[in-house]
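*Asks:* predicted model, plus sequence, below.
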Amino acid sequence: MGGKPIFEEDGMELSERWALAEAVEAAVREVGAELAARRPVEPAPARTAEEAMARFAELDGPAADGLRTRLGALRPQAGWAPEEWDGTVPTEGEWWVCDATDGAVQYLLGLPHWAVTATLVRDGAAVLAVVHAPELDGGRTYRAVLDGGARLDGRPIAPLERELAAAVAATSQPPLVAADPVALRRAGESLSAMAGAVPAVRNLGPTALQVAQVGSGHLALFWQYGTDAGNLLPGALIAREAGAAVTDAAGAAWTAGSDSVLVAAPGLHADAVGVLRAVR
């Protein structure tokens, strides 16, 4: 599994790529609707991490199975990458990298800041991505294909240029950041540095959604330390196709194996890199 070619190598025209993206969006929307219907109105009464994980598995397991069935029918030659907590993805072949409930913490707390993500990855790089937030503003859906641009609810998007003094920045942490003392230290130092340079720093839920929101101008920039490819790949493709700069924290090209990420409008990116230079 996971060894077939993609897009130009398959002879797919841009219109065919978008048709596939639209079909993926339809599948993601169906799964999102099912999850939204089952989401608890009140916070889940889980007192321990084990209880929370068990409750989440009850809801996420069937949703993930449904997503796998739907996407497997659309692209049966693509493999299905397991959801790895260490943030890695396969580096060879074609794979679906998906998260049926991205933002599990918010979902279990009865909050709307969660999403369903589906990304088609070829040789470790995203070539198609859909990020759907069923309950955010009545439902918002980002999608992008490699070399084809990015859209939000069907309309083309682009980042908005702002000065740092007018920028709302967002950040998050990979699931296992506590096990990475270097990433954990950098996260703290960068938060202090960025908080002194912008009027507001927020964590608005799913990483993929926040990165995509840079592409549509809803956020000015997003940064993070630690390896987190599964969560970053969908949003990074959407943001890049929208016109945002997507690099690591030092300004070098971002890949799925990078240990940091910085996404910003092109005119803001250099200033953001300058802020993060304070991080050792």
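*Replies:* Cool, got the structure. Owing to the predicted nature of the structure, the values given are computational and were not obtained by experimental measurement.

*Asks:* that's a helix at residue 147, yeah?
*Replies:* No. When classified by DSSP: H, G, I helix; E, B strand; the rest coil, residue 147 is found to be coil rather than part of a helix.

*Asks:* could you give the number of residues near it?
*Replies:* Neighbour count for residue 147, taken as other CB atoms under 10 Å: 11. (C-beta placed from N, C-alpha, C; glycine too.)

*Asks:* for residue 80, list the residues it contacts.
*Replies:* 1, 68, 71-72, 95-96, 98 (CB atoms under 8 Å, 6 or more residues apart in numbering).

*Asks:* most neighbours of all the residues you listed, which one?
*Replies:* In those, the most neighbours by other CB under 10 Å go to residue 98, 26 neighbours.

*Asks:* can you give me the strands in the chain?
*Replies:* 79-80, 94-102, 115-122, 125-133, 140-145, 150-152, 155-156, 168-171, 200-202, 221-225, 245-247, 260-264 (DSSP state E).

*Asks:* verify the stated contact: residue 216 with residue 153.
*Replies:* No. Counting by CB atoms under 8 Å, residue 216 stays clear of residue 153, with 9.6 Å between them.

*Asks:* figure out which of the strands of the chain is closest to residue 181.
*Replies:* strand 221-225 (11.2 Å; CB to CB).

*Asks:* list the buried residues for that closest one?
*Replies:* When burial is assessed from 16 or more other CB atoms under 10 Å, strand 221-225 yields the following buried residues: 221-225.

*Asks:* out of those, which comes closest to residue 31?
*Replies:* For the buried residues of strand 221-225, the closest approach to residue 31 (CB to CB) belongs to residue 222, at 24.7 Å.

*Asks:* give me the pLDDT value at the closest one.
*Replies:* With respect to pLDDT, residue 222 scores 98.

*Asks:* OK, contacts around it?
*Replies:* Counting by CB under 8 Å, 6+ apart, residue 222 makes contact with 169-172, 207, 210-211, 213-214, 235, 261-264.

*Asks:* report the buried members of those residues.
*Replies:* In the contacts of residue 222, burial by neighbour count holds for 169-172, 207, 210-211, 213-214, 235, 261-264, counting by 16+ other CB under 10 Å.

*Asks:* show me what contacts the residue nearest to residue 66 when sequence neighbours are not counted?
*Replies:* In this structure, residue 66 finds its nearest non-sequential neighbour in residue 31, 5.2 Å apart by CB to CB, 6 or more residues apart in numbering. Shown in contact with residue 31 (CB under 8 Å, 6+ apart): 63, 66-67, 70, 100, 116.
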